[in-house]
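Novice: What follows is a protein structure lacking sequence information:
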């Protein structure tokens with residue numbers, strides 16, 4: 001029997017009823033007004049808080065890939081609960097969602113593993129982790145049938161982030177198309193945590209600048225100076241690094257907001273960004 005990763009936060013962070021979940025996702029996507037990138041995005045950056053807090057922001061990223069054709073989606077997120085060195089790959093089987101199981105792209109995962117010694121066996125890192133799971137309400141709804149490669153990054157060192165970016169780019173291949181059967185990369189990250197909205201927007205503005213420049217080196221340097229910038233900074237660096245190697249030359253921040261826009265409390269917020277890279 002192939003391994004299946006069970007949901008961890010369905011029914012709490014997002015609805016576990018497929019009809020209700022689809023309704024909420026569709027509503028967020030309908031409300032997201034964007035100028036679509038001229039080409040299928042190679043990569044997205046999306047937040048991973050509870051759907052009621054960050055779903056409206058994540059919808060901007062995923063609207064950019066709606067009706068696009070992809071062969072696989074590589075999801076990279078941080079480990080919030082299990083400290084370890086390297087990147088944990090869930091390499092086979094499927095991931096459970098309220099819509100039904102999403103298959104894991106075993107071949108692509110194996111190619112990424114082969115390309116770097118940073119890819120490790122740490123299945124426990126996926127157990128309670130929500131950073132990748134919170135992408136699935138959108139991935140499974142807007143990219144139905146597209147298999148995933150789930151990657152959770154442990155300690156977000158420079159070495160690990162850039163090595164993962166190299167491995168993803170090598171596994172996909174420098175000539176790989178970003179659409180029409182190509183591979184979509186998704187970095188899962190929230191931005192500053194528990195600052196007041198004014199401080200958060202200042203901290204987060206630096207992250208947005210590096211993303212729009214497709215500047216993983218500058219982003220990594222900023223994270224090393226100020227770790228408060230983002231919980232998934234390493235995944236963002238890895239995805240930007242891989243996307244650039246795969247030919248991406250343009251990026252656009254599609255939406256920035258914070259949790260206070262929903263809660264009404266601007267004294268202690270979490271920042272959220274949606275971005276597309278092509």
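Specialist: Okay, I see it. Because the structure is a prediction, the values reported are computed rather than measured.
Novice: What segments of the protein are strands?
Specialist: Using DSSP state E, the strands of the chain run over 4-5, 43-46, 70-78, 87-89, 94-95, 102-103, 119-120, 148-153, 182-188, 193-195, 251-258, 269-277.
Novice: buried set for the third one?
Specialist: With burial defined by 16 or more other C-beta atoms under 10 Å, the residues of strand 70-78 counted as buried are 70, 71, 72, 73, 74, 75, 76, 77, 78. In short, each C-beta sits where N, CA and C put it, glycine included.
Novice: List just the nearest of those residues to residue 107.
Specialist: residue 72 (9.0 Å; C-beta to C-beta).
Novice: Find the nearest non-adjacent residue to that closest one, please.
Specialist: Nearest residue to residue 72, sequence neighbours excluded (C-beta to C-beta, 6 or more residues apart in numbering): residue 105, at 4.4 Å.
Novice: who touches that neighbour in this structure?
Specialist: With C-beta atoms under 8 Å, 6 or more residues apart in numbering as the criterion, the residues that contact residue 105 are 72, 147, 148, 149.
Novice: wait, isn't the second one in contact with residue 102?
Specialist: Yes - with contact defined as C-beta atoms under 8 Å, residue 147 counts as touching residue 102 (7.0 Å).
Novice: rewinding a little: the buried residues of strand 70-78 into TSV, with extra columns for pLDDT and distance to residue 185?
Specialist: Shown next, in TSV, are the buried residues of strand 70-78 (pLDDT from 0 to 100; distance: C-beta to C-beta, whole Å):
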residue	pLDDT	distance to residue 185
70	97	10
71	97	12
72	97	10
73	98	8
74	98	5
75	99	8
76	99	7
77	98	12
78	98	15
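Novice: pretty sure residue 224 is touching residue 156, no?
Specialist: No - Residue 224 lies out of contact with residue 156 (C-beta under 8 Å); the separation is 9.8 Å.
Novice: higher neighbour count, these two?
Specialist: residue 156 (24 against 13; other C-beta atoms under 10 Å).
Novice: which non-adjacent residue is nearest that one?
Specialist: Nearest to residue 156 is residue 234, by C-beta to C-beta, 6+ apart, at 2.9 Å.
Novice: And residue 63, by the same measure?
Specialist: Residue 63 sits nearest to residue 32 (C-beta to C-beta, 6+ apart), 4.7 Å away.
Novice: And the pLDDT for that neighbour?
Specialist: If you check residue 32, the pLDDT there is 98.
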